[in-house]
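Visitor: pasting the sequence and the predicted model now:
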Amino acid sequence: MSDLAYRATGRFWAELAACGVTDVVVSPGSRSAPLAVGARNQERLRVTVQLDERVAGFCALGMAKASGRPVALVCTSGTAAANYLPAVVEAHHSGVPLVVCTADRPPELRGAGAGQTIDQLKLYGDRVRWYAETPCDLDDPDYFARLAVRAATMAGAGPDRGPVHLNWPFRKPLEPQGPIARLEATVGQPIAPVRLLVDADVDAVCRLAGRRGLIVAGAMDVDDAGAAAIVGFAEAAGWPVVADAGSQLRGRGPMVLDGAEWVLGRADLAPDVLVRIGGPPSNRAVIDFVASCGATDRLLVDPRRRWEDPSFGWTAALASDPVALLDSAAAQMSSANDAWSVAWTEAADDAWDRVETALGPDGLLEPLLAATLLRALPPEVPLYASSSMPVRDVTSFWPPDALPRRVLVNRGANGIDGVVSSVLGASLVLDQPVAALVGDVALLHDIGGLLAASLSDADLTVVVPNNDGGGIFSLLPVAEGGSDVHFGELFHTPHGVGLGKLAAGLGVNYHRTGQADDLVESVTKASGVTLIEVPIDHGTAIKQRNQLADLAE
């Protein structure tokens, strides 16, 4: 059996590399030996070993998100494969290309009490773009070549990129019985994502030229050229942009608004046209505005046909890729309403001035922390913003003088799990420093990721505002229940963990600060794996957030 298995995996990995895959994340195991050894023997693949499959899944996700290329995962059978599920769910919802290869027991050992055997058939359900189980005894390397090409294409090409799952049952012996043949690719082709463009969609946008439009941009994995195309359209149309940090649009000129969420309620700024691109907004003020906006034309640009908007208030859903669509429409949007765009930019600028005054210059609570970090980081350093409050703070408190930078977010399923592992993956695949803003609960949820980072050669700086628990719950209605709902025990959940001791135990550089100037210096000097803790007084922080909310017009 093993000679067949190594011929199969040898051809599979050769073809996957020919399709543009460069990275494989492997977790140790016996049943997966043909897959792991086959990947390691393919010179065009870089293999990263992660002990914990949950860490491995998010590490691969961070790699794929940062690189834009499919990344392969390899694990043994049983619960190892089940530990990939959170990363697969996030990849499914956010369109991140993964090729998940799970080793399995052969059919005769299933349902018979064999160790490390669970039902892995379609383990991830409909959360993958494609599923296949490989045959155990097929001596046909060309089949595995075609399998690789299809898997890479289903994961990485087209507008609906995402994870695929290949389940590989292997019979013993699992170790090679002789020299391993080095097989070359025969049919693999590099993968280029397709930017879908529908002519009718261009016409639908261009018919709205001259009207008072507003663009709401959620998380998108677009490069500098794509971001420039979207901003170019906004300038040509005279339509301001309310953009999440993860949209890659912030800091790209006055049409991309800072401070916008504080003026969304103004009647004189109500648009006639609303265009939504990217993922759903992260901030509540923007979500509520989109749901209640009375624009007569509301366009949802939705190339994956997911209908990812809970308001269901759209007059049209356009299938085009937003970059291709708006780039094509820009040349025909020559009737910009300058008075409209100026009204928005001036209102947003005034709002930001009020917000910055309320933040104060020194004491670090979460809003000033986000603004200080955005100013301190060199523009070439990507920032990974964790779900929950960090991504919202980076969006809300992005200062007008902060330079454009890449902001990575796991906003598909919006979970806090695996964020440190994702940061690690981004740092490894980009081979450069990456910074992260991570809540204390999210950090503790992914201690395994911090351990993996400490064992690697990665260069990542994790900034943690530590409010000793789930601070976001204090902003939700459940907080009003107090002791009646056991708020502290069930929701805020104070943990009392000393992050300095945690960092020391993991061999991670550590610094603690509560001042903006010191944070700037700490971030600037950080190297290797560094944890920067900013202690936050929870009561003071909630008071400030309530004061900031009162600034909204």
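Guide: Done, it's in. Everything quoted here is computed from the prediction, not taken from an experiment.

Visitor: give me the pLDDT value at the residue nearest to E184 when sequence neighbours are not counted.
Guide: Excluding the flanking residues, the one nearest E184 by C-beta to C-beta, 6 or more residues apart in numbering is A14, at 5.6 Å. (Glycine included, C-beta is placed from N, CA and C.) What the model reports as pLDDT for A14 is 94.

Visitor: hang on, A14 packs against Q42?
Guide: Yes - applying C-beta atoms under 8 Å, one finds A14 in contact with Q42, separated by 6.1 Å.

Visitor: just give me the neighbour total for G213.
Guide: Using other C-beta atoms under 10 Å, G213 has 26 neighbouring residues.

Visitor: same check on A336?
Guide: 17.

Visitor: just the element for it, please.
Guide: Assigned by DSSP states H and E, A336 belongs to no helix or strand.

Visitor: please report how far it lies from R212.
Guide: Using C-beta to C-beta, to the nearest Å, A336 is found at 11 Å from R212.

Visitor: what does V355 give?
Guide: Taken as C-beta to C-beta, the span from V355 to R212 is 25 Å.

Visitor: once you drop chain neighbours, what's closest to V523?
Guide: Once flanking residues are discounted, V523 sits nearest to A376: 4.7 Å by C-beta to C-beta, 6+ apart.

Visitor: list the contacts of R298.
Guide: 273-274, 276, 313-316 (C-beta atoms under 8 Å, 6 or more residues apart in numbering).

Visitor: need the buried ones from those residues selected in PyMOL.
Guide: Selection of buried members from the contacts of R298 for PyMOL, criterion 16 or more other C-beta atoms under 10 Å:
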select buried, resi 273+274+276+314
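
Visitor: how about S94, what does it touch?
Guide: With C-beta under 8 Å, 6+ apart, S94 has these contacts: 65, 219, 279, 410-413.

Visitor: give me that answer again for 10 Å
Guide: Listed by C-beta atoms under 10 Å, 6 or more residues apart in numbering, the contact partners of S94 are 61, 64-65, 161-162, 219, 221, 246, 279, 409-414.

Visitor: same check, this time on A319
Guide: 159, 196-198, 200-201, 301-305, 325.

Visitor: surely the residue nearest to E184 is in a helix?
Guide: Yes - counting by DSSP: H, G, I helix; E, B strand; the rest coil, A14 is part of a helix.

Visitor: hmm, G188 and it touching each other?
Guide: Yes - with contact defined as C-beta atoms under 10 Å, A14 reaches G188; the gap is 7.4 Å.

Visitor: overlap of the contact sets of these two?
Guide: In contact with both A14 and G188: 145, 148, using C-beta under 10 Å, 6+ apart.

Visitor: and the two? Which one has more around it.
Guide: For the pair A14 and G188, the greater number of neighbours falls to A14 (26 against 21), based on other C-beta under 10 Å.

Visitor: the longest helix anywhere in the chain: how far from the chain's middle?
Guide: Counting residues, the longest helix found in the chain (DSSP state H) is helix 338-359. Chain-centre distance of helix 338-359: 29 Å, with C-alpha atoms, centre = their mean, to the nearest Å.

Visitor: cheers, nothing more for now.
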